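Engineer: Here's my sequence, what's the structure:
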Amino acid sequence: MLTTRFVDGAPNWIDVGARDLDGACSFYGGLFGWQFRSAGPDAGGYGFFELDGRTVAGGMRTTADQGPPSWTVYLQCGDAQATAQAAEEAHGRVLVPPTDVLGQGRMALLADRAGVPFGLWQPQRRKGLDRAGEPGSLCWVELYTPDVAAAAAFYHRVLGLGTCAVSFPDGSYTAVHPAEGGEDAMFGGIIPLGDDPTEAASGAYWMPYFDVAEADATVAGARELGGTVRMPATDIPGVGRVARLADPDGARFAVLQPAPRQQP
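Structural biologist: Now for the predicted structure:
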């Protein structure tokens, strides 16, 4: 699972683009207890979601020409310019070139070879999220893609990411880990779109998971707040209870109630 001990290749930031930013603040505030704080007059309306005073995500208002409301997962890199060039050489695209962000770091938006958008964050003053792997914060990410092998090859070439097979009673899961830390530092997975008709209809994308204490209560809360339940709370042996949701604007995310850790 994710922590704030960020390493190159692993997620170190997420943000949501919303048509109705006030509505997103109300939804995520009611669901997770987040509070929104503007990043200031020079930030173009961008701001931070905080939980107990610690940043758990970013957020901004987006328009129709910027694409549908969605969550963006940012992966840490040491050199955004070189990483963007590597992505182009691996048949990806640069959507927003590397840009300095108020002295906090450098960001870029890319698309992988299947067209899936993702971000880069090269830390400077801001290393990343203040909170991860705890209730109410990012704990896992998944890439839904039409070609798992092609996606694995792309992210390995561009960011050095490795993959490993994790066995479950009903099949195998392709987990992702950074070059540094190996399999013990797994932070996400790659899912073939064809395995899930709901996801296949929605198209390829990166999806963040948020740690919650009670998945069923979170699902009920999402419904009450105007969100959509895309997959009801479901037990995954050895992992926990998982549900896939969307906020009122349609941005997709998931929640995970982790299984109790077994004592050695």
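Engineer: Show me the shaky parts of the stretch 151-264 of the chain.
Structural biologist: 195-201, 262-264 (pLDDT under 70).
Engineer: all helices in it, in order from the N-terminus.
Structural biologist: 197-202, 215-224 (DSSP state H, counting those that start in this stretch).
Engineer: ok, and for stretch 92-99, which residues are buried?
Structural biologist: 92, 94, 98 (16 or more other Cβ atoms under 10 Å). In this view, the C-beta of every residue, glycine as well, is placed from N, C-alpha and C.
Engineer: mind checking the SS state of the second one?
Structural biologist: Secondary structure, DSSP: H, G, I helix; E, B strand; the rest coil: residue 94 is strand.
Engineer: give me the beta-bridge partners of it?
Structural biologist: Taking DSSP bridges as the rule, residue 94 bridges to residue 110.
Engineer: Which positions in stretch 245-256 come out as buried?
Structural biologist: 245, 246, 247, 248, 249, 251, 252, 253, 254, 255, 256.
Engineer: Could you do stretch 66-75 as well?
Structural biologist: So for stretch 66-75, counting by 16+ other Cβ under 10 Å, buried means 69, 70, 71, 72, 73, 74, 75.
Engineer: Quick check: residue 228 touching residue 245?
Structural biologist: Yes - applying Cβ atoms under 8 Å as the test, residue 228 and residue 245 come out as touching, 6.6 Å apart.
Engineer: Quick check: neighbours shared by those two?
Structural biologist: residue 222 (Cβ atoms under 8 Å, 6 or more residues apart in numbering).
Engineer: For the most centrally placed residue in the chain, list the residues it contacts.
Structural biologist: Closest to where the C-alpha atoms of the chain average out (Cα atoms, centre = their mean) is residue 208, at 3.3 Å. For residue 208, the contacting residues are 11, 14, 71, 73, 138, 140, 141, 253, 254, by Cβ under 8 Å, 6+ apart.
Engineer: let's see 7 Å
Structural biologist: Contact partners of residue 208, counting by Cβ atoms under 7 Å, 6 or more residues apart in numbering, are 14, 71, 73, 138, 141, 253.
Engineer: Secondary structure class of the residue nearest to the fourth one when sequence neighbours are not counted, three-state.
Structural biologist: This points to residue 138. Excluding the flanking residues, the one nearest residue 138 by Cβ to Cβ, 6 or more residues apart in numbering is residue 132, at 5.0 Å. At residue 132, secondary structure determined by three-state DSSP is coil.
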